[in-house]
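Trainee: A structural model of the following input is requested.
(one chain, ligands or ions: 1)
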Amino acid sequence: MSCPFCDIRDQKEPAFVILDEEHCMAILDNKPKTEGHILVIPKIHCEHFSELDEQSAVAMMQMASKITKKLKLSELTTDGFNLFLTEGKAGGQQVPHAHLHVIPRVLHDGIRLSCLKKSFYQRAKKNRGFDRFWSDYE
Ligand SMILES: [Zn+2]
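Mentor: Below is the predicted model of the structure:
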């Protein structure tokens, strides 16, 4: 099955490449939510971020950090950022290749991230199982 991000990596599909490094690359999102919306993509094909090798995961965050620093120095008006990652159908993932959105924000730009409902927070407050899971994981 073809993967759109692997096709971009392999230069089979066009993209505006911002950065291209050993473990990941950054491209302009072709459906930007704001001006300068960038996707950071690991070069290795991996559908889910949680299954990605640690080196690629760290490289993604390092690249996102570089991008936010460069955007702050650019002519683009930027008051802040959202870093956004989706995983799986329940998480809203649309492309089956892990990727991190870097979304520049401007104060009062009218964009709302409303994917988490209040009921989630109410359940999370009551959820002691997560505490147990996390201590087992560590
Ligand atoms: Zn892929």
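
Trainee: And for the lengthiest helix in the chain, what's in contact with it?
Mentor: As assigned by DSSP state H, the longest helix anywhere in the chain is helix 54-73. If you take Cβ atoms under 8 Å, 6 or more residues apart in numbering as the criterion, helix 54-73 is touched by 18-19, 21-24, 26, 36, 38, 40, 42-44, 46, 49, 52, 78, 81, 83, 98, 100, 102, 104. All C-beta spots, glycine's among them, are computed from the backbone N, C-alpha and C.

Trainee: Can you flag the buried ones in those?
Mentor: Buried members of the contacts of helix 54-73, scored by 16 or more other Cβ atoms under 10 Å, are 18, 23-24, 26, 36, 38, 40, 42-43, 46, 49, 52, 78, 81, 98, 100, 102, 104.

Trainee: Keep only those of these that are in strands.
Mentor: I18, C24, A26, I38, V40, P42, F81, L100, V102, P104 (DSSP state E).

Trainee: For those residues, work out which two are farthest apart.
Mentor: P42 and P104 (21.5 Å; Cβ to Cβ).

Trainee: Those residues of the chain touching the ion, which are they?
Mentor: C3, F5, C6, H45, H97 (Cβ under 5 Å from the ion).

Trainee: which among the residues you listed end up buried?
Mentor: Neighbour counting with 16+ other Cβ under 10 Å marks F5, C6, H97 as buried within the residues of the chain next to the ion.

Trainee: Redo these as a markdown table? Include pLDDT.
Mentor: Converted to a markdown table, those look like this (pLDDT from 0 to 100):
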| residue | pLDDT |
| --- | --- |
| F5 | 97 |
| C6 | 98 |
| H97 | 98 |
